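Novice: when you get a sec, could you give me coordinates for this:
(one chain, ligands or ions: 3)
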Amino acid sequence: MKGILLVNLGSPKSTAVNDVREYLDEFLMDEKVIDYRWFFRALLVQGIILNTRPKKSAEAYKTVWTDKGSPLIVITEKIQKKLQKVVDVPVEIGMRYAQPSIEAGIQKLVDQGVSEIVLFPLYPQYAMSTTETVVEKAEEVRKQKFPKVKINYIQPFYDRDIYINCLAESIREKLPENFDALQFSYHGVPERHIYKTDPTKTCNLNDCCSRESNPSHTFCYRHQCFKTTNLVIEKLNLPKEKTIVSFQSRLGKDKWIEPYTDETLETIPKKGVKNLAIVCPAFVSDCLETLEEISVEGKEQFLHGGGENFHYIPCLNDEDRWIEVVKTLCEEKLHEFYLV
Ligand SMILES: C=CC1=C(C)c2cc3[nH]c(cc4nc(cc5[nH]c(cc1n2)c(C)c5CCC(=O)O)C(CCC(=O)O)=C4C)c(C)c3C=C
Ligand SMILES: [Fe+2]
Ligand SMILES: [Fe+2]
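Specialist: Numbering: from 1, shown residues only. Ligands and ions are numbered 1, 2, ... in the order given. The predicted structure follows:
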């Protein structure tokens with residue numbers, strides 16, 4: 001029997017500082033996220049970051065937390081429930097970090113008689129710190145705990161027509177009547193991650209990422225963000241000069257991919273952008289990084305820089321048109337089980 005596992009990043013189990021610390025410890029000690037050798041990673045994460053960040057992050061989580069828990073998990077559960085209504089195989093969720101874990105999700109499917117799983121990492125663009133770590137973790141769990149189970153992974157869908165149409169329509173509906181620019185703010189990654197995962201060693205992180213084709217693009221997160229943006233802009237018929245791409249959520253002292261969202265928000269009002277619409281297409285569900293970092297902090301940065309109107313466009317969340325896309329992508333992979 002077949003089943004579907006939707007995998008998202010995960011959140012702390014509560015906004016208590018200790019729970020946030022435990023979550024950040026698991027997340028940041030993942031060598032696909034902070035890719036230093038164990039000793040240096042432990043020194044940075046456990047010796048420095050975990051001394052101060054959990055308190056600050058817990059405060060931020062408190063501002064977005066709902067009665068039912070973290071927005072990211074609540075929304076992923078809503079996607080699961082809606083998808084379950086339109087497909088005829090069991091659907092479960094698993095988080096890369098904290099609970100409900102990937103292992104718990106697979107166990108629930110196995111308990112329902114599933115032996116062939118379509119696993120959907122809920123990230124449109126490929127990154128070592130998202131897609132790759134999910135696949136690695138799921139394979140580790142499968143080999144250790146469920147050796148008889150087969151898993152088929154859904155690939156990044158950043159340029160798929162069905163996804164682009166869905167994202168463009170969702171943005172179109174929510175765009176305010178008057179805006180000077182539409183900003184696409186993607187989660188950032190350290191530059192080093194892109195060089196590391198580029199098997200062709202051809203990406204220079206400059207104009208290369210915006211070229212139409214280059215062998216490095218399959219694993220270039222920066223290119224995939226540009227591509228999603230360009231395809232959406234085309235669908236929306238927007239002039240390119242009216243759009244901005246930037247990368248948010250930097251952590252630590254390394255160089256991250258540019259341009260940075262916070263700096264952009266502070267400077268664009270001086271260049272004439274007073275009315276801004278902003279969307280975050282690296283996230284399929286709203287979460288701390290969109291609801292707090294962009295909607296609250298980002299808005300302050302923009303207004304502080306001289307901006308007048310800041311309009312945040314929510315993620316796809318559990319919109320029906322997005323559930324249709326999830327269904328189609330899952331069904332494609334479910335069918336592949338019949339072909340092998
Ligand atoms: C959308 C894709 C994501 C990428 C790429 C990504 C890379 C990445 N993130 C960190 C550090 C942190 N990220 C945090 C939160 C967070 N990150 C993503 C997604 C991506 N991260 C999401 C969906 C969330 C929100 C989780 C939630 O519960 O709502 C955090 C925790 C919050 C905080 O303290 O600010 C950290 C830390 C790194 C280092 C990284 C790439 C190397
Ligand atoms: Fe992150
Ligand atoms: Fe690139």
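Novice: Leu119 belongs to a helix, doesn't it?
Specialist: No: checked against DSSP: H, G, I helix; E, B strand; the rest coil, Leu119 lies outside a helix; its state is strand.
Novice: for it, which non-adjacent residue is closest in space?
Specialist: Leu5 (4.7 Å; Cβ to Cβ, 6 or more residues apart in numbering). Yep, even glycine has a C-beta here, placed from its N, CA and C like the rest.
Novice: contacts only, for that neighbour.
Specialist: Residues near Leu5 by Cβ atoms under 8 Å, 6 or more residues apart in numbering: 91-94, 102, 105-106, 109, 117-120, 138.
Novice: one more pass at 10 Å, please.
Specialist: 80, 90-94, 102, 105-106, 108-109, 114, 117-121, 138, 151, 330 (Cβ atoms under 10 Å, 6 or more residues apart in numbering).
Novice: same question for Ser70.
Specialist: 10-15, 23, 61, 64, 76, 95, 98, 287-288.
Novice: quickly find the element holding the residue nearest to Leu119.
Specialist: Assigned by DSSP states H and E, Leu5 belongs to strand 2-8.
Novice: each with direction, which strands does that strand pair with?
Specialist: strand 91-95 (parallel), strand 116-121 (parallel) (DSSP bridges).
Novice: mind checking which of those strands is nearest ligand 3?
Specialist: Evaluated with Cβ to the ion, the strands paired with strand 2-8 place strand 116-121 nearest to ligand 3, the distance being 20.3 Å.
Novice: helices of the chain, start to end?
Specialist: Using DSSP state H, the helices assigned to the chain run over residues 17-28, 38-44, 50-64, 71-86, 102-111, 133-145, 161-174, 191-197, 221-236, 261-267, 288-291, 299-304, 320-339.
Novice: report all helices and strands that the longest one contacts.
Specialist: Taking 3 or more Cβ pairs under 10 Å, 6 or more residues apart in numbering; DSSP states H and E as the contact definition, the neighbouring helices and strands of helix 320-339 are strand 2-8, helix 71-86, strand 91-95, strand 116-121, strand 150-153, helix 161-174.
Novice: same thing with the fifth one?
Specialist: Applying 3+ Cβ pairs under 10 Å, 6+ apart, one finds that helix 102-111 contacts strand 2-8, strand 91-95, strand 116-121, helix 133-145.
Novice: Val33 is nearest to which of the ones you listed?
Specialist: Closest to Val33 of the helices and strands packed on helix 102-111 is helix 133-145 (Cβ to Cβ; 6.9 Å).
Novice: and the angle from that closest one to strand 91-95?
Specialist: Comparing the axes of helix 133-145 and strand 91-95 via axes from the mean of the first three to the mean of the last three Cα atoms, to 10 degrees yields an angle of 110 degrees.
Novice: can you mark which positions in stretch 134-149 are buried?
Specialist: Within stretch 134-149, the residues that count as buried by 16 or more other Cβ atoms under 10 Å are Val134, Val135, Lys137, Ala138, Val141, Arg142, Phe146, Val149.
Novice: now do the fifth one against ligand 1, distance only.
Specialist: Using Cβ to the nearest ligand atom, to the nearest Å, one gets 21 Å for the distance from Val141 to ligand 1.
Novice: OK, contacts around that residue?
Specialist: Neighbour list for Val141: Gly94, Ser101, Ile102, Glu103, Ala104, Gly105, Ile106, Gln107, Val149, Ile151 [criterion: Cβ under 10 Å, 6+ apart].
Novice: noted, bye for now.
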